[in-house]
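1. need a 3D model of the sequence below.
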Amino acid sequence: MTEYLSGVIIYTDGACSGNPGPGGWGAVLRYGDKTREISGYAAATTNNRMEIMAAVAALEALKRPCQVELFSDSAYLVNAWQKGWLDSWQKNGWRTAQKKPVENQDLWQRLLAAAGRHQVSWHKVKGHAENPWNNRCDELAVAEVKRRQK
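-> This next block holds a predicted model:
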């Protein structure tokens with residue numbers, strides 16, 4: 001039986017300058033009174049890829065199995081879990097209900113592996129609103145893009 005470290009809260013966000021275009025992602029990981037910020041960049045990407053990448057990187061950054069509350073403003077990311085899209089895609093050989101290949105399959109598979117180490121609850125938050133943690137993730141993601149466009 002796996003023993004999980006409880007109480008990890010993660011906020012994630014992705015940003016893209018053009019869609020597709022250069023993109024960034026940001027995540028804030030909180031445990032007790034500790035806070036860690038991480039972010040990254042991709043030269044040619046989409047907003048959806050950056051949203052997924054933020055969650056991947058945050059979950060991969062955890063050093064041991066955790067109970068996680070993950071908050072994102074991406075309906076695409078959260079609905080994939082809450083509405084069972086990922087289960088359906090896998091059962092259908094990574095095809096959508098319309099029999100088309102699932103977009104971002106590489107990142108979805110990486111996210112499944114990362115999330116599989118933890119107990120994750122997925123939550124949708126309103127983007128660009130009053131949530132300071134979501135806003136901080138947005139700042140981190142946008143800063144990654146701006147830093148490389150100089």
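2. ignoring the adjacent residues along the chain, who's closest to the residue nearest to the spatial centre of the chain?
-> The chain has A55 as the residue nearest its centroid, 2.3 Å off, counting by Cα atoms, centre = their mean. Sequence neighbours aside, T12 is the residue nearest to A55 in space, at 5.0 Å (criterion: Cβ to Cβ, 6 or more residues apart in numbering). Placement of C-beta: from N, CA and C, glycine included.
3. could you tell me which residues within the one helix or strand that neighbour maps to count as buried?
-> T12 is part of strand 5-16 when elements are defined by DSSP states H and E. For strand 5-16, a neighbour-count test (16 or more other Cβ atoms under 10 Å) marks 8-16 as buried.
4. packing partners for the helix or strand just after it?
-> Of the helices and strands lying after strand 5-16 in sequence (DSSP H and E), the nearest is strand 21-31. With contacts taken as 3 or more Cβ pairs under 8 Å, 6 or more residues apart in numbering; DSSP states H and E, strand 21-31 sits against strand 5-16, strand 34-45, helix 47-61, helix 132-148.
5. check which helices and strands the strand holding T12 is in contact with.
-> Packing partners of strand 5-16 (3+ Cβ pairs under 8 Å, 6+ apart): strand 21-31, helix 47-61, strand 66-72, helix 132-148.
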